[in-house]
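Participant: sequence first, predicted model second:
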Amino acid sequence: MEDPALRCECGSERANKHGTYDRNPHGREPVRVQRYRCLTCGGTFSPSLSYIKDDYWYPDEIRRLVRVVNAFTDASLERLQDICTVHFAVRPSDQQIRNWITEDTGEIVENDLPICSGIYTYDEQYLWVDGKRKYRFLLYDDLMGAPVAEQAVDDCSKATVREFLTAALDDKPVFVVTTDGRSEYAEIVEDDLGAFHHRCHFHFLKNGEKKLRNKVFQSVRYSNAEKLHAAIV
Ligand SMILES: [Zn+2]
């Protein structure tokens with residue numbers, strides 16, 4: 001067998017096909033898995049799937065989404081369930097979600113970075129250009145600590161903001177967008193982007209703990225298995 005993943009627990013790579021069985025991961029199509037019988041020890045084994053751990057019901061992406069949203073927002077358990085329902089058409093139990101958000105966070109890093117995290121902050125600033133008022137839109141990836149998109153425009157109407165955000169996030173994962181309190185923003189985020197809207201950085205700004213915030217980002221990026229949630233609260 002050429003595939004290095006196809007190896008028996010005993011270390012042998014000599015095996016014959018030995019029937020199939022079906023796996024039904026939540027939020028995914030059922031998948032037929034090939035079983036093998038080891039020619040050395042007689043045990044059976046199957047290849048792992050890339051997107052879900054062996055013996056798990058939920059794909060990794062759903063667990064990660066819940067953990068990241070929980071770490072960076074004050075979403076309730078019910079809200080986390082809603083987010084799963086919106087994005088993956090599944091609804092994990094309270095207990096399931098509790099289990100996920102109390103696990104260590106190392107894996108968030110390895111798998112979610114360095115692509116866009118899905119957790120963003122939108123901000124706008126006033127500028128004066130040749131005596132005229134302009135606006136600068138900025139979209140920032142909270143988890144990556146990097147700007148995603150930036151644009152100078154003449155007005156900051158709801159339509160303009162919507163155009164900016166939908167274009168900037170068109171090909172990216174979008175789970176949570178933090179904005180200031182304008183109610184139009186909640187509508188854009190929830191209706192146009194289908195994401196969870198979060199009003200300002202309540203957790204982070206509450207105590208002016210910039211240092212703590214940096215520590216949290218670091219723990220995500222460098223996989224030191226620190227519990228994000230514990231660090232924030
Ligand atoms: Zn074996």
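Facilitator: Alright, I've got the coordinates.
Participant: secondary structure element holding the residue sitting nearest the centre point of the chain?
Facilitator: Compute the mean C-alpha point of the chain, and by Cα atoms, centre = their mean the closest residue is Leu65, 3.6 Å away. Element membership for Leu65 (DSSP states H and E) is helix 60-72.
Participant: that older thread, so who does the residue nearest to the centre of the chain touch?
Facilitator: Residues near Leu65 by Cβ atoms under 8 Å, 6 or more residues apart in numbering: Ile83, Cys84, His87, Phe88, Gly118, Phe175. Every residue, glycine included, has its C-beta placed from N, CA and C.
Participant: what angle do the helix or strand hosting the first one and helix 60-72 make?
Facilitator: By that I understand Ile83. Element membership for Ile83 (DSSP H and E) is helix 77-88. If you take axes from the mean of the first three to the mean of the last three Cα atoms, to 10 degrees, helix 77-88 sits at 140 degrees to helix 60-72.
Participant: is it true that Leu77 touches Arg98?
Facilitator: Yes: using Cβ atoms under 8 Å, Leu77 is in contact with Arg98, at 7.1 Å.
Participant: so between these two, which is more surrounded?
Facilitator: A direct count of neighbours by other Cβ atoms under 10 Å for Leu77 and Arg98 places Leu77 higher, at 17 against 13.
Participant: wait, what's in contact with that one?
Facilitator: Asp94, Ile97, Arg98.
Participant: ok, of those, which one's closest to Val33?
Facilitator: Lowest distance from Val33 to these (Cβ to Cβ) belongs to Ile97, with 26.9 Å.
Participant: helices along the chain, start to end?
Facilitator: Secondary structure of the chain (DSSP state H): helices located at 60-72, 77-88, 94-101, 106-112, 158-169, 183-187, 202-205, 210-221, 228-232.
Participant: ok and the third one relative to helix 60-72, angle-wise?
Facilitator: By that I understand helix 94-101. On the basis of the same axes, to 10 degrees, helix 94-101 is oriented at 80 degrees to helix 60-72.
Participant: centre of the chain to helix 94-101, how far?
Facilitator: 16 Å (Cα atoms, centre = their mean, to the nearest Å).
Participant: and for the fifth one?
Facilitator: Helix 158-169 has its average C-alpha position 21 Å from the chain's average C-alpha position, going by Cα atoms, centre = their mean.
Participant: likewise stretch 57-67?
Facilitator: When distances are taken as Cα atoms, centre = their mean, stretch 57-67 is centred 8 Å away from the chain's centroid.
Participant: stretch 153-166 now?
Facilitator: The chain centroid and the centroid of stretch 153-166 are separated by 25 Å, computed with Cα atoms, centre = their mean.
Participant: with stretch 174-192 instead?
Facilitator: 17 Å.
Participant: buried residues, it. List them.
Facilitator: For stretch 174-192, a neighbour-count test (16 or more other Cβ atoms under 10 Å) marks Val174, Phe175, Val176, Val177, Thr178, Thr179, Tyr185, Ile188, Val189 as buried.
Participant: and the end-to-end length of that stretch?
Facilitator: In stretch 174-192, first residue to last residue: 11 Å (Cα to Cα, to the nearest Å).
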